[in-house]
Every structure is written in structure tokens, then in C-alpha cells.
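S.K.: A structural model of the following input is requested.
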Amino acid sequence: MLRAAPFIKRIGELKFRHNCSLQLAELFLTEMTKIFGASEILGILLTSEVVLEAASRGVFEIVDLCLKYFPELLWNINFVEKLEKEIVEGRHVELRRLLIGHNAVRCFADNDPSEGMTKLNTLIKWSPRCISPDVSGAAFLLQRELQWFQAIYVVASSYKWLKFQMHTKTPWEIFVERRKELFKEAEQWMKDTSTSSSLVATLIITIAFAAAFTVPGGNNDSMGIPIFLNKGSFMVFAVADGFALLSSVIATLMFLTILTSRYTIEDFLHSLPRKMVMGLTFLMLSLASMLVAFSSALTIILSERFKWIYIPITSLAASPIVLFAILQLPLYIEMVESTFWPRLYRPIKLWK
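M.R.: Okay, the predicted model is just below:
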């Protein structure tokens, strides 16, 4: 009899409890609606703050379920303002996408002066609730904050009105002032990461350049042509080594561009994250290509004596790639998505 590993069993049990809780909540709403009527349940949801509490904790499923059964909740302006406040304070991206999907964009783009101060205070304040576990590094956390600011304050006239009323600073100036520490951490994180990564890329350039002139098996003394030129493994080695060299050069240029950047806070929205993602992408490609070149070189040297040598070599070369996929790939995907296709701007499709 097969037994699941302990951590797989825990994940399964957690998922089962999650589904049961969601089904119980859905059953409760359905049965209570039949007993008391939709209008009374709607009033309870508006006065009990159950939905607002779920939104405060980022429980997407409960909010989605309540809006699915009672879309009339979004007709109450006071409720919508409170719901928006909880979503913005907790930086709950999926809940904002849900509201956009329910055609509640006006909640985030409303240009009514009477609501300007409330939205300003909600957005610009900084607290531990703003830190998301799916963000890799301080630079991408600052990027997420800038995306929130851009998503909510999309109308320039609101800036002018708030500055006129407050007689001190614009929302942008207050936003930047309250994130000085985060900005310093983001700048230091970007510089440290670029320095370390450029060092690795430089080492790969050195190794790949040297390997191009010291090919496996050596060259023919009279012609200077590689001895194993006609072997398929040699062509794999040549292509992989060349690709590793070019990729590492591009990665180094990207990291040097980051190191020489002017480092304004606006650069952390698009410019610096894109360069970092591209630099890391080419660095990983160069590492993978270097492993392929190393494996093909060993195969060329040892295949004459050990015909089966390519099997363990391939397995060993693939192990670092598998290890990276397990440890870093989720954060890397989140980094790429946040930079090139941020979820914050994409509404959830309610009807497919």
C-alpha cells in the first residue's frame, strides 16, 4: 500500500479543509437566503462587516462568494468605500482585480474631491501589512507600491486639487517621503544583486572564452581544425559554449547599466526591474549553456571508453536546473509577471 509523504499529506489535508470551509459558507448563504430572504441577508452582510473582515485578512474566496450571491452589495456606496479601504491598506491584489471585474473601477479612479483625502491617507501610509510574501526583494516591493499608486491615482487633476487644499505637498511627494527607507533598501538590494550577478557573469565569460580555444580533444597540428569536429557532441559543445559567452556578455551589460543608473524612485516602476529581469534571465541561460557545454565535453572525452556515460552526465547536469526550479522559479515567475504583465491592472473574468 502506497503512503503519501508527510508534507504532501499535510498539503492535501489543508486543501481539503479549505474546500470544505468554502462549501460550508456557500451552503450557509444558500440556506439562510431561503429561510430569511435575500433582502434580510443582504442587510446582515452590510451591517455585520463579515465581508469587510474577510477583505481585511485577504480571504478572496469569502468576498468572491458574497459578491457572487449578493452583487447588490456594490450598490451601497458606503460599503464600497470601506471595502476599498481594506483592500488598499492590505495591498490585496486579487481582491482589487475582483472589484474591477465587478465593474467597480469607479471606486479606484473616482475623482470626487470629497473622497480625495480618504484615498490619499489610505494609499500613502506604510505598514507591515503592505509587505507581500510573493515579492522578491525590496526593489520589487517598491515596484508593487508604485503600481498601486499608479493604478489608483490615474487622473492628474486630483493631484492638483489635493495640493491646493492641503497647501503643503502633493500625494506623490508624501508617498515618496514615507517610503524613504524602502527606497534606500531597494537601491542597496539592486546594487548588491547586480554586483554579485555581474561577477558570476564575468566568470562565465572568462570560462566560455577560454573553452572556445581549448576544445575537447585538441586541434589538428597541421590544419588547426578540431579533431572531433565531425562528432555531434562537439557541435553541441560549440553551440552551447558560444551561447553561454553571448548570454553572459548581455547579462553583464544589463547589470552594469543598473549599477550606473541614476536611481530615482520612478526608475523602480519599469526601467530597473526590466533590466534586472533581463539580466537574471540571460545569466541563467548562460549557466544552463555552460552546463550543457561541460556535459558535451565530458561525453566527447569519455564516450569512446564508456558508451553509457552520457546518461549519468546528463542527469548530473540537469540537477542544478531542477534545484533552481524548485527553489527560485516561483519567485522568478512572479518577478517577471510583476514587471511585464502585472496582475494589479488585470480584472478577473467573472464570466468565461
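
S.K.: can you list the domains in the chain?
M.R.: 7-109, 186-338 (automatic domain parsing).

S.K.: now the last one: mean pLDDT?
M.R.: Confidence for domain 186-338, expressed as mean pLDDT, is 83.

S.K.: gap between the two ends of that domain?
M.R.: Start-to-end span of domain 186-338 (C-alpha to C-alpha, to the nearest Å) is 16 Å.

S.K.: Redo the domains of the chain as CSV? Include distance to G137.
M.R.: For glycine as for every other residue, the C-beta is placed from the backbone atoms N, C-alpha and C. Shown next, in CSV, are these (distance: least, C-beta to C-beta, whole Å):
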stretch, distance to G137
domain 7-109, 16
domain 186-338, 5
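
S.K.: which one of these lies closest to R178?
M.R.: Among the domains of the chain, domain 186-338 comes nearest to R178, with 11.7 Å by C-beta to C-beta.

S.K.: and the closest one, how far from the chain's centre?
M.R.: Centroid displacement of domain 186-338 relative to its chain, using C-alpha atoms, centre = their mean, to the nearest Å, is 23 Å.

S.K.: again with stretch 68-82
M.R.: The answer for stretch 68-82 is 30 Å, by C-alpha atoms, centre = their mean.

S.K.: Then stretch 6-25?
M.R.: Remark: stretch 6-25 is offset 25 Å from the chain centroid, using C-alpha atoms, centre = their mean.

S.K.: Who are the packing partners of the one helix or strand T193 maps to?
M.R.: Assigned by DSSP states H and E, T193 belongs to helix 180-213. Contacts defined by 3 or more C-beta pairs under 8 Å, 6 or more residues apart in numbering; DSSP states H and E place helix 180-213 against helix 138-152, helix 232-259, helix 271-302.

S.K.: which other residues reach the first one?
M.R.: Okay, so that is helix 138-152. 88, 91, 96, 108-109, 119, 123, 130-132, 135, 171-172, 175, 179, 182-183, 185-190, 193, 265-266, 268-269, 272-273, 276, 335, 338-339, 342, 344-345 (C-beta atoms under 8 Å, 6 or more residues apart in numbering).

S.K.: Tell me which of the domains of the chain lies nearest to Y153.
M.R.: domain 7-109 (8.7 Å).

S.K.: Wait, I124 touches E173, no?
M.R.: No. Counting by C-beta atoms under 8 Å, I124 does not reach E173; the two are 9.6 Å apart.

S.K.: Looking at these two, which has the bigger crowd around it?
M.R.: I124 (19 against 13; other C-beta atoms under 10 Å).

S.K.: Now for the nearest residue to that one once chain neighbours are set aside, which secondary structure element holds it?
M.R.: Using C-beta to C-beta, 6 or more residues apart in numbering and skipping the chain neighbours, the partner closest in space to I124 is F175 (4.6 Å). For F175, the host element (DSSP H and E) is helix 171-177.
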